[in-house]
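S.K.: I need the structure of the sequence given here:
(chains A and B)
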Amino acid sequence: MFTTTTFASILPEILILTIGLLVLILEPFWKDEQKRSAGWLTAGGLLVAMIVSLLFGRPGEPVAVLGGMIRFDWLGFFLKMLFMFAAAATALLLMDHEQAGKRGEAYVMLLASLIGMNLMASSADLVMLYLSIETASIPLYVLAGFLLGDERSTEAGFKYFLFGAMASTVMLYGFSLLFGFSGTTDLYSIAATLTSGSISPLLAFGVVTLVLVGLGFKVSAVPFHFWAPDVYQGAPTPVAGYLSTASKAAGFAVILRLFFIAFPEFTGMWTMVLAVLSAVSMTVGNLLALPQTNIKRLLAYSSISHAGYAMIGAVAFSQFGAASVVFYLAAYIATNLLAFGLVMAFSRVTGLEEITDYAGLSRRNPLLGLMMLAAFLSLAGMPPFGGFVAKVFVFAAGVQANYTWLVIVGIINSIIGVYYYLNVLKYVYLYRLPNQDEENHPVPLTQPYMIALVILVVGVIVVGTVFAPFFNWSDAGALNLF
Amino acid sequence: MNFPILSVITFLPFAAGMLILMMPANRKNETRAVALATAVIDLLLSAWVYLQYLLNDMQGYQFVEKYQWLNIPPLNIALHFGVDGMSAPLVLLTGIVMFTGVLISWGNDDPHIMAGIQDRPREFFAFLFLLAGGVFGVFVSLNLFMLFFFYEIAVFPMYLLIAIWGWVKTREYAAMKLTLYLFIGSVVSLVGVLVMYWTQYQNTGVLSFDMLEMENAGFSATFQNIWFLPVFLGFAVLGGIWPFHNWSPDGHVAAPTAVSMFHAGVLMKLGAFAALRVGVMLLPQGAQHWSWLIMTFAGVAVVYGAYIAFVQTDLKYMIGFSSVSHMGLVMLGISTLNATGLTGAGVQMFSHGVMTALFFAITGMIYDRSHTRMIPELGGMAKIMPFAAIGFIIGGLVSMGMPGFSGFIAEFPIFMGVWGEQWLVAVIASISIVITAAYIMINIRKVFFAPLPENLEGHVGDITVLDKVAITTLCLFMVVIGLFPSVMVPMVQTGVENIMRLLGGA
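M.R.: This is a model prediction of the structure:
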């Protein structure tokens, strides 16, 4: 029953749990000023966990383990590695957060939600899927409202919780209907029973819509995006970065597996629904990003539009399309974490978050300026950064699937995107502080930031130039869907 | 395996840019020295490529390098480099402009002369080299994906270079306008390119972004007629084709001198070259179908650009619009789709690149010293900076298309080619020659030979040695090609033969 394969399939989660327990056990014994070391422990532990999983936990042929609850395949594995990378970077960024960095609970919550996301990427059963989504979400509600003294953070936590609970209820209703129609909770068996003869298209449409409410909330697609700007703005910045990357990517993992595996019979219908969601998300996200003055809100709207771009690949419903989504997520996780990390690094020193406050940054800290350049150009989709290749791939998948209109919408949106991303860079590089005395206002980086940000910048450039291995892994994952 | 010279040419600027970024900010002179060394190496290498191509048998693509970059169906992307008779001169041109651009931007610590780049030269040279690497990459890429990759790399540093070091009054506006125009153009082409990729797969079962394979993709006539315009015009935006030229003069004016040189000298060629490579060569039937429209646009650009240049009072705007006019001639040559016109277009790309770089360089020198570019406020520069005056006059003669200079070698075949297709356009376009001669001569008289205004007397100095080296280099190429057309024309003709083969097969 409990074979080596079973063990290997949940090896990353076991390791993450171990790290979490270590943090819980050790943290009370540390002195106050040492407590931020929990971040080193978390990040280092995750690094070790990634290496160990890569060595001993690699999947072979896709298999169902643990009574069909978990699917052990490359899609899940590659995404797990991405989530763990994101969590490790987030832990480093959390370390020097004034209120949250010295509290071990923050890291434990982060790891708990990471376990949930890992399971989201690999669950093959509706029950497991729902459990893992909740496991990923509940710690995030807590983290978003982690700054007790801060009204905005409390509001963010509460808002996120209410929206999340609502969306997950609706999704659960969809799941129960799905079970009712097909008589099984196993995703891989649903497809066999749920054929166009057995269920009316209208009902299928209803089920798809209900499920999409929950997943749309996770990936913050329009019209389920209302929480995102407020939550990103209020939550501790590293948490916002984590929400906008790993949490979103986990949502996409579920979209890919659920729709590609369970609904192949109704492809024409759900791709159409996704196409509309994608077009609306891109357009609304980008248009609302234009008037933003707060950098975290700007990034929130930009992340809404990025959910739209990534969805183009899912709409294509092909192996290449799925691979392009996974690749997009890889590039996007590195890029957006970098952007939020930079915002965090800047606001830690200055306490400011308006875009205008970034004036003169390239003189206050040239390295930080260059990293801003990399992050925002990658978001805008410029080479040699990851965003360019990722965008070309999803657009290529869209064109291949004859969704040229959607690609054109995407392209118009990237143009709008270029405008507001460059606008931020204008402050960083062109404008100066009111007294032009930047040398008196340096923005120093502490060690954890230095490590995390440099790794992320290198990641963004490597994904954008040497894209072959990353695409290879994405493609190996996508192969498991067909 | 031969020495991978094209890769070295392309990636050296990137590597040098990284190196420069890592140097301490206060080591300005060391930064400049590294930049100059890189530029010299790149110039020598590109000259070597040019000469090797010229001296060998001048056949097809040479110095070909191919490395598989990503081959996971359905994607097939290779780093495939090679030059032919069309691109070899442009590689050389980029080397020249890079070298002279670095010389012009040297800067000094004399607060009275604002010459060159004083503020953050480290970042300036790094971004400039990023741009240069992208430009080299486009000229040598034989893979459509990589061409696109480098094309985008060449576009975005322009924003920073103009916005940070540009002319304070218009730089924000001009930089954003330029970037958005070019980005819109490139993404429109991108859609076309992706459609071409999948259609090729449907037609032939070949999955490849390789342009040499795409030439045989068997695109249907309807397909070519639909997709030629987006692809061609998308790239041609960067070539400053009328009516999408609007970004270009604003960009020229706002940009710092070296960036203006790059922008007008090389980047606009990038647009024309990519439009030719991708639009005309891969969709030849579409090109034949739409050549009348391109010819109309180009004809308007030639005359309109020259006329607007004539009425400008700002020296830099004048050169900016003359660039629109001269790039219109390139487009006119391309639109003829015959061997004569295309040869002219190829030579004109090189000739105009060198000429306009020279113009912008000298304008920059004048502005740095007199702090004005308004033609009525200038005068007497021939006495103060005789060397610059000679350079400007040589550039003017090239611009007018005088025999003995490269401009004549380029413009004559273009008009011949146009005459062969549509004599009326040739007649109308030739009006521009008269207008060009008029504004060039009037401005030479006003700026260089009119009496020196009193307010400028005494505090306008001569140009530096580095400036003189740059001027000499640029003039040399224009004169040599003018006197010995055989060093370039036969080479371009081999490139044109390749295009004619594709057009003839249609």
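
S.K.: all contacts plus neighbour counts: C-alpha atoms, from now on.
M.R.: Fine.

S.K.: Secondary structure element for A:L140, which one?
M.R.: Taking DSSP states H and E as the definition, A:L140 sits inside helix A:126-144.

S.K.: Off-centre distance for that helix?
M.R.: 14 Å (Cα atoms, centre = their mean, to the nearest Å).

S.K.: That helix: what's the following helix or strand?
M.R.: Next along the chain after helix A:126-144, taking DSSP H and E as the criterion, comes helix A:151-182.

S.K.: what packs against that following helix?
M.R.: helix A:126-144, helix A:201-218, helix A:227-234 (3 or more Cα pairs under 8 Å, 6 or more residues apart in numbering or on different chains; DSSP states H and E).

S.K.: Following the chain onward from the shortest one, which element is next?
M.R.: Just to be clear, that refers to helix A:227-234. helix A:237-242.

S.K.: Can I get the helix or strand following that following helix in PDB, CA atoms only?
M.R.: Following the chain from helix A:237-242 toward its C-terminal end, the next helix or strand by DSSP H and E is helix A:248-257. What follows is helix A:248-257, C-alpha atoms only, in PDB (Å, rounded to 0.1, in the frame of the first residue of the first chain):
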ATOM      1  CA  LYS A 248      -2.600  32.500  -8.700                       C
ATOM      2  CA  ALA A 249      -0.400  29.800 -10.300                       C
ATOM      3  CA  ALA A 250      -2.000  27.100  -8.100                       C
ATOM      4  CA  GLY A 251      -5.400  28.300  -9.400                       C
ATOM      5  CA  PHE A 252      -4.200  27.800 -12.900                       C
ATOM      6  CA  ALA A 253      -2.900  24.400 -12.100                       C
ATOM      7  CA  VAL A 254      -6.400  23.400 -11.000                       C
ATOM      8  CA  ILE A 255      -7.900  25.000 -14.100                       C
ATOM      9  CA  LEU A 256      -5.600  23.000 -16.400                       C
ATOM     10  CA  ARG A 257      -6.200  19.700 -14.700                       C
END
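
S.K.: Show the model's pLDDT score for the most centrally placed residue in chain A.
M.R.: The C-alpha lying nearest the average C-alpha coordinate of chain A belongs to A:T245 (Cα atoms, centre = their mean; 2.3 Å). pLDDT, the model's per-residue confidence, is 93 for A:T245.

S.K.: Pull the number of nearby residues for B:P403.
M.R.: 14 (other Cα atoms under 10 Å in any protein chain shown).

S.K.: Actually, A:F2.
M.R.: 8.

S.K.: Report the next helix or strand after whichever strand or helix holds A:F77 in sequence order.
M.R.: For A:F77, the element it lies in under DSSP H and E is helix A:74-95. Elements were assigned by DSSP H and E; along the chain past helix A:74-95, the next helix or strand is helix A:104-122.

S.K.: And that next one, how far out from the chain middle?
M.R.: For helix A:104-122, the distance between its averaged C-alpha position and the chain's averaged C-alpha position is 13 Å (Cα atoms, centre = their mean).

S.K.: That helix - what's its average pLDDT?
M.R.: Throughout helix A:104-122, pLDDT has a mean value of 93.

S.K.: May I have that helix as CSV, with CA atoms only?
M.R.: In CSV, the C-alpha atoms belonging to helix A:104-122 read as follows (Å, rounded to 0.1, in the frame of the first residue of the first chain):
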residue,chain,number,x,y,z
GLY,A,104,7.5,32.5,13.6
GLU,A,105,3.8,32.1,12.9
ALA,A,106,4.1,34.0,9.6
TYR,A,107,6.6,31.4,8.3
VAL,A,108,4.5,28.5,9.5
MET,A,109,1.4,29.9,7.8
LEU,A,110,3.4,30.4,4.7
LEU,A,111,4.5,26.8,4.7
ALA,A,112,1.0,25.6,5.5
SER,A,113,-0.5,27.3,2.6
LEU,A,114,2.4,26.0,0.5
ILE,A,115,1.4,22.5,1.3
GLY,A,116,-2.1,23.3,0.2
MET,A,117,-0.8,24.7,-3.1
ASN,A,118,1.4,21.7,-3.7
LEU,A,119,-1.6,19.4,-3.3
MET,A,120,-3.7,21.6,-5.5
ALA,A,121,-1.2,21.0,-8.3
SER,A,122,-1.4,17.3,-7.9
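
S.K.: Show me what that helix packs onto, helices and strands only.
M.R.: Using 3+ Cα pairs under 8 Å, 6+ apart as the contact definition, the elements that helix A:104-122 packs against are helix A:11-26, helix A:37-56, strand A:70-72, helix A:74-95, helix A:126-144, helix A:248-257.

S.K.: Looking at these, which is nearest to chain B?
M.R.: Between chain B and the helices and strands packed on helix A:104-122, the shortest separation by Cα to the nearest Cα is 16.1 Å, and it involves helix A:74-95.

S.K.: okay, the residue of chain B most remote from its centre: pLDDT?
M.R.: Each residue of chain B has a distance to the centre, and by Cα atoms, centre = their mean the biggest one is for B:E454: 37.7 Å. On pLDDT, B:E454 comes in at 80.

S.K.: And the closest residue to the residue nearest to the centre of chain A other than its chain neighbours, how far from chain B?
M.R.: With Cα to Cα, 6 or more residues apart in numbering or on different chains as the criterion, A:T245 has its nearest non-adjacent residue at 4.9 Å, and that residue is A:I333. Using Cα to the nearest Cα, to the nearest Å, one gets 21 Å for the distance from A:I333 to chain B.

S.K.: Show me what from chain B comes close to chain A.
M.R.: Within chain B, the positions near chain A by Cα under 8 Å from any Cα of the partner chain are B:69-72, B:74, B:149-150, B:152-153, B:156, B:160, B:163-164, B:176, B:180, B:183-184, B:187-188, B:191, B:194-195, B:198.

S.K.: Pull out the buried members of these.
M.R.: When the residues of chain B next to chain A are checked for burial by 16 or more other Cα atoms under 10 Å in any protein chain shown, the buried set is B:69-70, B:149-150, B:152-153, B:156, B:160, B:163-164, B:176, B:180, B:183-184, B:187-188, B:191, B:194-195, B:198.

S.K.: Which ones among these map onto helices?
M.R.: Among these, DSSP state H puts B:149-150, B:152-153, B:156, B:160, B:163-164, B:176, B:180, B:183-184, B:187-188, B:191, B:194-195, B:198 in helices.

S.K.: Show the low-confidence segments of chain B, by residue range.
M.R.: Under the criterion of pLDDT under 70, the regions of chain B flagged as low confidence span B:1, B:108-116, B:505-506.

S.K.: Run through the residues that contact the most centrally placed residue in it.
M.R.: The C-alpha lying nearest the average C-alpha coordinate of chain B belongs to B:V266 (Cα atoms, centre = their mean; 2.3 Å). Counting by Cα atoms under 8 Å, 6 or more residues apart in numbering or on different chains, B:V266 touches B:L90, B:L93, B:T94, B:V97, B:V135, B:G353.

S.K.: Please give me every residue in contact with whichever residue of the stretch 201-350 of chain A sits closest to chain B.
M.R.: Scanning the stretch 201-350 of chain A for proximity to chain B using Cα to the nearest Cα identifies A:F320 as nearest, at 6.9 Å. Taking Cα under 8 Å, 6+ apart as the contact definition, A:F320 lies against A:G313, A:A397, A:D475, A:A478, B:P74.

S.K.: secondary structure class for B:K169?
M.R.: Per DSSP: H, G, I helix; E, B strand; the rest coil, the local secondary structure of B:K169 is coil.

S.K.: Provide the backbone phi and psi angles at it.
M.R.: As for B:K169, its main-chain torsions (degrees, to the nearest 10) stand at phi -70, psi -40.
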